[in-house]
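Trainee: Need the 3D shape of this:
(one chain, ligands or ions: 4)
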Amino acid sequence: MNLNVNEIFYSLQGEGGRSGQPSIFIRLAKCNLTCSFCDTDFERGVKMTTDEVLREIEQYSCKWIIWTGGEPTLQLNDAVVALFKEKGYLQAIETNGTRRVPEGIDYITCSPKQQFEKVRELIPEVDELRFPIQKGDPLPDVTILPKAKHHFLSPIFDNHNIIQENIDYCVSLVKENPLWALSLQIHKLIGIR
Ligand SMILES: C[S@@+](CC[C@H](N)C(=O)[O-])C[C@H]1O[C@@H](n2cnc3c(N)ncnc32)[C@H](O)[C@@H]1O
Ligand SMILES: Nc1nc2[nH]cc(C(=O)O)c2c(=O)[nH]1
Ligand code: SF4
Ligand SMILES: [Mg+2]
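Mentor: Ligands and ions are numbered 1, 2, ... in the order given. This next block holds a predicted model:
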């Protein structure tokens, strides 16, 4: 099986409910959306077999993978997830919610950008909803979103620079709406990948 891989690196999950946990990031190339605020260059990719990916990541003692991108659901399928599970990996995914998530993923973060009703049809339950928010954005309506264990608002950064008004806005939103919690991109704050 082949994957079009943008980059593989070992770091700490910087966002959301697994923040701080060591994780192997496998960033798959290409996306089906073009979010104006996107902080990632995901276009370039190299073709790797799943065996090559497994060989590349065995240098790390960590057993958690984060599939991200780009949009990882464009490439991941049940067979790929089953293979990495068989090799002993626990798998998280970061997805924009436009496509089905393969069976067997251990932790789903969904960060919907559009058509929330459709997201719920495709992925009825997620571990985490995480919304990138800039000042003035409405609070997402949980009644039309997938059921989630955790709800995060993530202030939009300008690449690696904080935008204080987005942070202040998210802080006031979560104080007024305590279902939600603040997620900060800690990897950017502490200067790691
Ligand atoms: C680069 S995306 C890749 C995964 C998937 N395409 C998605 O959007 O969920 C990973 C996460 O970064 C968030 N993100 C992208 N650009 C951001 C920015 N400038 N500030 C804060 N979060 C951002 C996305 O909303 C998503 O939660
Ligand atoms: N440290 C770190 N944590 C992350 N969590 C989600 C990321 C992503 O780009 O999907 C990301 C990332 O790029 N770096
Ligand atoms: S869906 Fe994700 S990767 Fe794609 S453009 Fe939007 S934030 Fe970037
Ligand atoms: Mg990132």
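Trainee: residues touching whatever residue of the chain ends up closest to ligand 1, list them.
Mentor: The chain approaches ligand 1 most closely through residue 111 (3.4 Å), counting by Cβ to the nearest ligand atom. Where C-beta positions appear, they are placed from N, C-alpha and C, glycine not excepted. Shown in contact with residue 111 (Cβ atoms under 8 Å, 6 or more residues apart in numbering): 94, 95, 96, 97, 129, 130, 131, 132, 154.
Trainee: Redo these as JSON lines? Include neighbour count.
Mentor: Shown next, in JSON lines, are the contacts of residue 111 (neighbours: other Cβ atoms under 10 Å):
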{"residue": "94", "neighbour count": "24"}
{"residue": "95", "neighbour count": "26"}
{"residue": "96", "neighbour count": "20"}
{"residue": "97", "neighbour count": "26"}
{"residue": "129", "neighbour count": "26"}
{"residue": "130", "neighbour count": "22"}
{"residue": "131", "neighbour count": "21"}
{"residue": "132", "neighbour count": "22"}
{"residue": "154", "neighbour count": "18"}
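Trainee: what's the pLDDT at the residue of the chain closest to ligand 1?
Mentor: We have a pLDDT of 98 for residue 111.
Trainee: Residue 63 now?
Mentor: For residue 63, the model assigns a pLDDT of 98.
Trainee: residues contacting it?
Mentor: 88, 89, 90.
Trainee: picking that back up, within reach of ligand 1, which of the contacts of residue 111 are there?
Mentor: Within the set of the contacts of residue 111, contact with ligand 1 (Cβ under 6 Å from any ligand atom) is found for 94, 95, 96, 130, 132, 154.
Trainee: Tabulate those residues in a markdown table, adding columns for distance to ligand 3 and pLDDT.
Mentor: Formatted as a markdown table, the ones next to ligand 1 among the contacts of residue 111 follow (distance: Cβ to the nearest ligand atom, whole Å; pLDDT from 0 to 100):
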| residue | distance to ligand 3 | pLDDT |
| --- | --- | --- |
| 94 | 8 | 99 |
| 95 | 8 | 99 |
| 96 | 4 | 98 |
| 130 | 11 | 98 |
| 132 | 7 | 98 |
| 154 | 11 | 98 |
